[in-house]
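Visitor: take this sequence and fold it.
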Amino acid sequence: MYCPFCQAEDTKVVDSRIFADGSQIRRRRKCDVCNARFTTFEVADLALPKIIKNDGKRQEFNGSKLKKGMLRALEKRPLSAEKTDALFSKILSDIRVLGEREIHSEKIGEIMMNALKDVDQVAYVRFASVYRDFQDISDFSDEIKSLSKEDKKKSKKK
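Guide: Okay, here's the model as predicted:
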């Protein structure tokens, strides 16, 4: 690692620690030439698949677009910033775990809906209403009834 102060070609790692949710490593470094100390963060660079849109076009994965949709569904819901970030990390992880080079946009929508359903059912219904293009109140009603049935099944298993 080059020194950001004097551009010396070699620096030493003084300390390394796991950071954030375990997906980053924080390293304290020292330059042998100018004795400056600085911090670097190391993260795995994992490629996300290309997206196959409904019209067949392919485009690069856009995490900010996905997060914007998630945040819109979670707007004014009682979810902390930490839980929101953890949810987004889980969604990205679920996409990576598929191991696909290309993935249909419908599959990403399903992954998002499943993650939202586990965290906040109101956000889930909001997202589903746009994703599934609800046309009237009966579509909302049907979705809420299906959530109620799932809740009853889960409570019986406990």
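Visitor: show me the domain layout of the chain.
Guide: 11-43, 50-157 (automatic domain parsing).
Visitor: okay, now S80: neighbour count?
Guide: S80: 8 surrounding residues under other CB atoms under 10 Å. Any C-beta I mention is one placed from the backbone N, CA and C, and that applies to glycine too.
Visitor: if I look at it, how far off is C34?
Guide: 41 Å (CB to CB, to the nearest Å).
Visitor: ok, now S105?
Guide: With CB to CB as the criterion, S105 and C34 are 50 Å apart.
Visitor: got it, and K90?
Guide: For K90, the distance to C34 - CB to CB - is 42 Å.
Visitor: the two: who's more crowded?
Guide: K90 (16 against 13).
Visitor: what helix or strand is that one on?
Guide: Using DSSP states H and E, K90 sits within helix 81-97.
Visitor: right, and the helix or strand after that helix?
Guide: strand 102-104.
Visitor: next one: that following strand to chain centre, how far?
Guide: Here strand 102-104 is found 17 Å from its chain centre; the criterion is CA atoms, centre = their mean, to the nearest Å.
Visitor: please apply the same query to stretch 13-29.
Guide: 21 Å.
Visitor: quick one: buried residues of the helix or strand containing D151?
Guide: Using DSSP H and E, D151 falls within helix 137-157. Buried positions in helix 137-157, judged by neighbour count with 16 or more other CB atoms under 10 Å: 143, 147.
Visitor: reformat the domains of the chain as TSV; add mean pLDDT.
Guide: Shown next, in TSV, are those (pLDDT from 0 to 100):
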stretch	mean pLDDT
domain 11-43	91
domain 50-157	87
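Visitor: list the contacts of R101.
Guide: Residues near R101 by CB atoms under 8 Å, 6 or more residues apart in numbering: 49-50.
Visitor: what does T11 give?
Guide: 1-3, 29-32, 38.
Visitor: middle-most residue in the chain, spatially?
Guide: F88 (2.5 Å; CA atoms, centre = their mean).
Visitor: and the next helix or strand past the helix or strand encompassing L116?
Guide: Element membership of L116, judged by DSSP H and E, is helix 105-119. The helix or strand immediately downstream of helix 105-119 is helix 121-131, counting by DSSP H and E.
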